[in-house]
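[1] how would this look folded up:
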Amino acid sequence: MKRFVNNSGLLLCAALLFFFFAPLAQAADYRIAFVARSQADSFAAWFVHAMTEEVVNYRNLHLDVMDSQADDAMENAFIESALANRYDLIIVQPNSEAQRPCIEKAISAGVPVIITNPRITGIEGASTVDADAYEQAAVSARLALTQMHQDARAVVLNGPSGNGHAMKRRQAWQKEFFNKRPDVQIVAEGVADWRKDEAARLMQDWVQTNDKIDLLVCMNDSMCLGALEVLQSNPEYADIHSYGVDGIVEAVLLIQEGRMTATALQNAYELAARTIEVADGLLSGTITQIDIDLESPLITKENVGDFIEIYKKAGAIK
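    Prediction:
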């Protein structure tokens, strides 16, 4: 009788252990390659940080980040390497359209790909998670229509040539503002590749060659910050209107201080959450392909306090 009870106890323990650990044993571990554009770009660095924080919520997903340093050849090499090393899924943050052939090759090989920030359209089988780049700039351009005085003089800082977000944001400013305000003259325009230091260098030249600049149009916040640093000690530019895109912490704080006019939020936390969610769905088979659009709310002096609170809750502002 005693021997029977012991065997029953062992069987019961074994059954409990099976039912407790079976779900964990059945959940496959997946390796994800995140081919990031460039961590020298403030938003891209924020996005990478958000991705590494988000993926820890998925016990079976393992994320490896590869920094392409805004170099097409390096980014393509990372995609090829991820394919050769049999990653289960590849997330690509493109530098330009140059990544299209490598993404198509990965999909043809049966590897799911998510394109994000910016999306490259027209690749059959690829999933995308991104915001509407046109609208990201259009919200500020429409605001500027009501704020800029007559005969203003503007300078424009663009993102990398061939980058989807850079091109669509510039198109938005042209259609939503400059075409409607022919009195506003663009006195200088240049490519600063999303970089704060390059924007500062261009702005230094423009201040020397122009008597007055009333409007600073930037396709991202980092470039706006660099340009504004050049102007901050010059009282002649205390009333300059400046617009960016991203909603990075530094830009939000400048808006709060009244030193920057507006930006559109590109929420790296939300972008990361949705991207990892899509990755999990693709790998588990609950989805096969999906395109997701995120909103880009306008941040101004009137509502900046709401976004300051969001950043405080996230621990980005103390």
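
[2] next SSE after the helix or strand of the chain with the lowest mean pLDDT?
    Between all helices and strands in the chain, the lowest mean by mean pLDDT, DSSP states H and E belongs to helix 2-26, at a mean of 41. Per DSSP states H and E, the first helix or strand lying C-terminal to helix 2-26 is strand 30-36.

[3] does Ala109 really touch Arg86, like I thought?
    No: using C-beta atoms under 8 Å, Ala109 is not in contact with Arg86, being 9.8 Å away. C-beta here means a position set from N, CA and C on the backbone, and glycine is covered the same way.

[4] Report all helices and strands that the helix or strand containing Gln256 contacts.
    Here Gln256 sits within helix 249-257, counting by DSSP H and E. Using 3 or more C-beta pairs under 8 Å, 6 or more residues apart in numbering; DSSP states H and E, the elements in contact with helix 249-257 are helix 221-231, strand 262-265, strand 298-299, helix 304-314.

[5] how about 6 Å then?
    helix 304-314 (3 or more C-beta pairs under 6 Å, 6 or more residues apart in numbering; DSSP states H and E).

[6] Could you check the angle the helix it packs on makes with helix 249-257?
    Angle between the axes of helix 304-314 and helix 249-257 is 140 degrees (criterion: axes from the mean of the first three to the mean of the last three C-alpha atoms, to 10 degrees).

[7] now the strands for the stretch 101-250 of the chain?
    113-116, 127-131, 153-158, 185-191, 215-218, 241-246 (DSSP state E, counting those that start in this stretch).

[8] can I get those in JSON lines with mean pLDDT?
    Formatted as JSON lines, those follow (pLDDT from 0 to 100):
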{"stretch": "strand 113-116", "mean pLDDT": "98"}
{"stretch": "strand 127-131", "mean pLDDT": "97"}
{"stretch": "strand 153-158", "mean pLDDT": "98"}
{"stretch": "strand 185-191", "mean pLDDT": "98"}
{"stretch": "strand 215-218", "mean pLDDT": "98"}
{"stretch": "strand 241-246", "mean pLDDT": "98"}
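
[9] right, and those strands - which one's nearest Arg142?
    strand 241-246 (10.6 Å; C-beta to C-beta).

[10] the inter-axis angle of the closest one versus strand 127-131?
    Using the same axes, to 10 degrees: strand 241-246 against strand 127-131 is 160 degrees.

[11] So which residues make contact with strand 241-246?
    43, 136-137, 140, 147, 215-218, 220-221, 224, 251, 260-264, 266 (C-beta atoms under 6 Å, 6 or more residues apart in numbering).

[12] can you check stretch 67-85 too?
    Counting by C-beta under 6 Å, 6+ apart, 33, 35-39, 66, 90, 95-96, 98-99, 102, 106 sit against stretch 67-85.

[13] Kindly report the same for stretch 217-227.
    42, 154, 156-159, 166, 169, 173, 192, 194, 196, 199-200, 203, 216, 242-246, 248, 250-251, 263.

[14] repeat for stretch 171-180
    In contact with stretch 171-180 (C-beta under 6 Å, 6+ apart) are residues Tyr134, Ala137, Ala138, Ala141, Arg142, Ala144, Val217.

[15] tell me which of the residues you listed is nearest to Thr286?
    Tyr134 (30.7 Å).

[16] Quick check, pLDDT for that closest one.
    pLDDT for Tyr134: 96.

[17] ok so, going back, just the buried ones among the contacts of strand 241-246, please.
    Among those, those buried by neighbour count (16 or more other C-beta atoms under 10 Å) are 43, 136-137, 140, 215-218, 220-221, 224, 251, 260-264, 266.

[18] Poorly predicted segments of this protein, please.
    For the chain, the stretches flagged by pLDDT under 70 are 1-27.

[19] Relative to Ala251, how far out is Arg259?
    The spacing between Arg259 and Ala251, counted by C-beta to C-beta, to the nearest Å, is 10 Å.

[20] now the most centrally placed residue in the chain: how far from Cys224?
    In the chain, the residue lying closest to the centroid (C-alpha atoms, centre = their mean) is Asn117, at 4.8 Å. Using C-beta to C-beta, Asn117 is found at 18 Å from Cys224.

[21] Switch the strands of the stretch 101-250 of the chain over to CSV; also include distance to Asp280.
    Formatted as CSV, the strands of the stretch 101-250 of the chain follow (distance: least, C-beta to C-beta, whole Å):
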stretch, distance to Asp280
strand 113-116, 11
strand 127-131, 12
strand 153-158, 36
strand 185-191, 37
strand 215-218, 35
strand 241-246, 26
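
[22] wait, which of those strands is closest to Ser296?
    Nearest of the strands of the stretch 101-250 of the chain (C-beta to C-beta): strand 127-131, 4.8 Å.

[23] Excluding residues flanking it in the chain, which one is nearest the residue nearest to the centre of the chain?
    Gln93 (5.2 Å; C-beta to C-beta, 6 or more residues apart in numbering).

[24] Fine by me, thanks again.
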